[in-house]
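K.L.:
Attaching a predicted model along with its sequence, questions to come.
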Amino acid sequence: MFALLIENNLVQMTDQITFDQKKTEGLKYIKEDNYKKAFEIFSLLFYERPKDQELLAISTFLFKRILDGNYDFQPETGEEFIYRGVAKFYKGELTGSIADFDQAIKLNSTLDYAYKCKGFSLMYLKKYSSAIDEFQKAIRINPQGEYYDDIAESYSRMGKGREAILYHEKAIEKAPSDARLWYNYGVLLGQMNMTEEAVIKLQKAIELYPNYEDAKHNLKYYGKQREI
């Protein structure tokens, strides 16, 4: 679920700001002990350069500081309850995380990400139908491709491949430039022995993100399966 925070922070950044300038700004926030803001910046930089070991180390450090810093603090806003809920998720306290997400929703019922996070915790508790209900609520507020992808994953875990395919289609329709969504779709198709279709989806993921190592690995595997 490390991806949750990264995905949530993938916002538009102006072209005028160079990579080094962003990095300098992030380091400034670390010196100020503003780990939340620093993590926003470094998670974005790491997404741009996932093989950069320095960024990986900094992002890991910041994430641990955020978890340590947010676990015991008393939230006041919906956003802060979401943050603590995510911290509890990583500590394996799924029921506690759901309680925090519920409180976030109580304070602000328009926080689509709270529904998404709650659905994710429910999915890990294997309460797939309830998880899908929460993802649907998030979609009604903000129909993002990743929320459709979450529903697809829930159906996949339930062994309902046809329904999973339907929601993967909706996900890439909503966010056709998101390489991760094409990758997830390709993996599902591969698992369903639909290797021709899997290869096409994985190729698209790599086209969008040429350094997508997992996609390359799976493409190689399913490419060989196709030849058998």
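P.N.:
Right, received. Where do you want to start?

K.L.:
Tell me how many other residues crowd residue 220.
P.N.:
12 (other CB atoms under 10 Å). Placement of C-beta: from N, CA and C, glycine included.

K.L.:
Which element, helix or strand, includes it?
P.N.:
helix 213-227 (DSSP states H and E).

K.L.:
contacting residues around that helix?
P.N.:
Identification of contacts with helix 213-227 by CB atoms under 8 Å, 6 or more residues apart in numbering yields 179, 183, 186-187, 190, 195-196, 198-199, 202-203, 205-206, 209.

K.L.:
Give me the buried subset of those residues.
P.N.:
By neighbour count, with 16 or more other CB atoms under 10 Å, those hold 179, 183, 186-187, 190, 195, 198-199, 202-203, 205-206, 209 as buried.

K.L.:
Can you tell me which of these is nearest residue 126?
P.N.:
Taking CB to CB as the measure, residue 126 lies nearest residue 187 of the buried ones among the contacts of helix 213-227, at 19.8 Å.

K.L.:
quick one: that closest one from residue 180, how far?
P.N.:
Residue 187 is 11 Å from residue 180, where distance means CB to CB, to the nearest Å.

K.L.:
and what of residue 89?
P.N.:
Distance from residue 89 to residue 180, by CB to CB: 19 Å.

K.L.:
from the buried ones among the contacts of helix 213-227, which two are the most distant?
P.N.:
Across the buried ones among the contacts of helix 213-227, the two lying at the largest distance from each other (CB to CB) are 195 and 209, at 21.3 Å.

K.L.:
so who does the closest residue to residue 41 other than its chain neighbours touch?
P.N.:
Once flanking residues are discounted, residue 41 sits nearest to residue 26: 3.8 Å by CB to CB, 6 or more residues apart in numbering. Applying CB under 8 Å, 6+ apart, we find residue 26 in contact with 38, 41, 42, 45, 58.

K.L.:
Name the helix or strand for residue 26, please.
P.N.:
Short version, using DSSP H and E: residue 26 is in helix 19-31.
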